[in-house]
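J.: One predicted model, sequence on top.
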Amino acid sequence: MPTEANVTYRTNICFEAQSESGHTVMIDGPPEAGGENAGFRPMELLLLGMGGCMAMDILLILRRMRKEVRSYRVQIQAERAEDMPRVYTEVKMEHLFQGVDLNTAAIERAIHLAAETYCSGVAMFAKTAKITNTFRILES
């Protein structure tokens, strides 16, 4: 099934991007490249997209396991290649959970299934980057 999106020039190196769902986001470059810091950098959006994809898949898997997640955040650290193209070469994701009766085995299983089977974002990033996932269950 094809996906459609539009990226429309606005000013300097600033663009407005619209997805097929109708949502918009501003994309801009850093000031040293002529940007005005009016939006996300393109590579930031890729990283956020992968993190969001992984988080949604994990949450859905935990819900299917009937686990009650009250709070969930993914902290992402990434490294990029020094030479062009400056692809991501390493991505570390730490998953922070709060909930009722969450256990290590369920979370490990959800992360494994998301990373190895369901997350399209991780599948794409894994072509150029070493991806690691860790997690903590925080006190409720």
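T.: Here it is on my side, so go on.
J.: And the strands in the protein, which stretches?
T.: 5-11, 14-19, 24-27, 68-80, 88-100, 130-137 (DSSP state E).
J.: Any buried residues in the second one, and which?
T.: With burial defined by 16 or more other Cβ atoms under 10 Å, the residues of strand 14-19 counted as buried are 14, 15, 16, 17. Heads up, the C-betas are built off the backbone N, CA and C, glycines and all.
J.: which residues touch it?
T.: Residues external to strand 14-19 that are found in contact with it (Cβ atoms under 8 Å, 6 or more residues apart in numbering): 5-10, 24-29, 35-36, 38-39.
J.: Can you check the distance spanned by stretch 84-93, start to finish?
T.: Terminal residues of stretch 84-93 are spaced 24 Å apart (Cα to Cα, to the nearest Å).
J.: mind giving me the domain split of the protein?
T.: Following automatic domain parsing, the chain resolves into domains at 1-40, 42-137.
J.: ok, now which ones touch the residue nearest the centre of the chain?
T.: Against the mean C-alpha coordinate of the chain, by Cα atoms, centre = their mean, the closest residue is residue 51 at 1.8 Å. Going by Cβ under 8 Å, 6+ apart, residue 51 touches 74, 76, 93, 121.
J.: hmm, which of the residues you listed are the buried ones?
T.: 74, 93, 121.
J.: I'd say the second one and residue 133 touch.
T.: Yes: counting by Cβ atoms under 8 Å, a contact exists between residue 93 and residue 133, whose distance comes to 5.0 Å.
J.: Mutual contacts of these two, please.
T.: Applying Cβ under 8 Å, 6+ apart, one finds that residue 93 and residue 133 are jointly contacted by residue 54.
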